[in-house]
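> Mind looking at a prediction? Sequence and model below.
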Amino acid sequence: MKNFIYITIACVGLFSCGNKSNEEGAAAPVVSETTVTLSQEQQHNAELEVNMLQIKQGFSHLSVKGQISTPPESKVTINFPMGGYVKKTNLMNGSKVKKGELLAVIEDAAFLQLQQDYLMGKNKLILLQSELERQEELSRSQASSKKQFELARTERDNQRIYVKALEEKIKLIGLQPANISAENITSSVSVVSPINGYITEVFINVGKHISENQPIVEIADFSNLYLSLRVFEKELDFISIGQPIIAYTNANREKKYSGKVELIGKAFKEDRSVEVLCRLDNQYPELIPGLFMNADIEIQTAQTAAVPIHEVITETQNHFVFIQKDTHVFELTPVKVIWKSDTEMGITHTDGSAVKEKVVTRNAYTLYMQLRNKAD
């Protein structure tokens, strides 16, 4: 909006000069398809500045596209190892959860049977241990055969394996074997979050029966996001680990996210692109996995003519400047942008040759509006 107001004021000044000249019998500005010719007075009123451009160093960049992703260790899909009914859950997509926070309560009679088998197995193991000790004493006194002693030890060892397996099954469903007794057998178990993060997918609701190893919820840790970029074969030679990047979304191109190239893929996809992974410098809660991003990868330094960024005309993704062809003649000339900073652009001619002519460095849009008004 500021640019529009500025352009309008400049154009009014130029047109006023033209009207005054016409009243005095002087010629109006001469406009062709790409050139504008002004009188000395018109050029003065338009407040144009024309200069030889200084050579400055900037970074050339490669523009690519990609999306936000999470590494495998930062994304968890929680399954439940046994079947059961969902007794309680407050899960909602987008909710933030902490490690150890309750996600759901699962209930089933099979949990009772598992604890029962474990307690009875422990009791039997105690009995078999006593029998083994008795057989050992008998074997020493030759009151019993060595074979009986070996059978007792084998039975004790088998029961120990059985009890240990039950312990691990109990741990899988979230219970602690040491806390299980005949007085506190429970039919329900709690499922808790193994990491800090955000819920990205919910697969259950209260009353739903889940089968063995069915997914319950998916959680992602957004503190470890990275940007996955697609770089095509012809551009791959320009990429190296450690190169800085600047990323932005389509919705807000003014908001910039910085990072560095961390990994370069070793396999081509079907479209002959390679995945390049970039680590972002900071945590950004507004970025979520799957979000499409644009990125500029700084690939090399370049020394070119530098022009103020607001004096470069952008039209249909092409860039132009006004070059002074004669004292009062200015030509709209296409250029190639090699690098860009917050205040300047490094440019060359479209064939890559240096810009050595004088260029309008102030109020270029005044001339541009003259051309467009003529075209209209």
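Noted; the coordinates are in hand. Numbering: from 1, shown residues only.

> Show me which residues of the lengthiest helix in the chain are buried.
Using DSSP state H to define each element, the chain has its longest helix at helix 109-140. Within helix 109-140, the residues scored as buried using 16 or more other Cβ atoms under 10 Å are 111, 114-115, 118-119, 121-122, 125, 128, 131-132, 135, 138-139. Bear in mind the C-beta positions are built from the backbone N, C-alpha and C, glycine included.

> now do stretch 325-336
In stretch 325-336, the ones that count as buried by 16+ other Cβ under 10 Å are 328, 330, 331, 332, 333, 335, 336.

> ok, now stretch 212-228?
216, 217, 218, 219, 220, 221, 222, 225, 226, 227, 228.

> residue boundaries of the helices in the stretch 51-200 of the chain?
109-140, 146-172 (DSSP state H, counting those that start in this stretch).

> how about those in a markdown table, adding mean pLDDT?
A markdown table is the format used below for the helices of the stretch 51-200 of the chain (pLDDT from 0 to 100):
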| stretch | mean pLDDT |
| --- | --- |
| helix 109-140 | 92 |
| helix 146-172 | 93 |
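
> Quick check: which of the ones you listed is nearest to residue 97?
In terms of Cβ to Cβ, the element of the helices of the stretch 51-200 of the chain nearest to residue 97 is helix 146-172, at 20.7 Å.

> what angle sits between that closest one and helix 109-140?
Note on geometry: by axes from the mean of the first three to the mean of the last three Cα atoms, to 10 degrees, helix 146-172 and helix 109-140 are set 160 degrees apart in direction.

> Name the residues of helix 146-172 that come out as buried.
149, 152, 156, 159, 163, 166, 167, 169, 170.

> same deal with stretch 347-356?
Buried-residue list, stretch 347-356, by 16+ other Cβ under 10 Å: 347, 348, 349, 355.

> Which single one of these is nearest to residue 321?
Out of the buried residues of stretch 347-356, the member with the shortest distance to residue 321 (by Cβ to Cβ) is residue 347, at 6.8 Å.

> Contacts only, for the closest residue to that closest one other than its chain neighbours.
By the measure of Cβ to Cβ, 6 or more residues apart in numbering, the closest residue to residue 347 outside its immediate chain neighbours is residue 335, 4.3 Å from it. Contacts for residue 335 (Cβ atoms under 8 Å, 6 or more residues apart in numbering) come out as 312, 319, 320, 321, 347, 348, 349, 350, 355.

> Which one of those residues is nearest to residue 32?
Out of the contacts of residue 335, the member with the shortest distance to residue 32 (by Cβ to Cβ) is residue 320, at 14.8 Å.

> Can you give me the domain boundaries for the protein?
63-72+222-300, 75-220 (automatic domain parsing).

> Assign residue 353 to helix, strand or coil.
Assigned with DSSP: H, G, I helix; E, B strand; the rest coil, residue 353 falls in the coil class.

> and the closest residue to residue 160 other than its chain neighbours, what does it touch?
Distances taken as Cβ to Cβ, 6+ apart place residue 125 nearest to residue 160, at 6.0 Å, with adjacent residues excluded. Counting by Cβ under 8 Å, 6+ apart, residue 125 makes contact with 156, 159, 160, 163.
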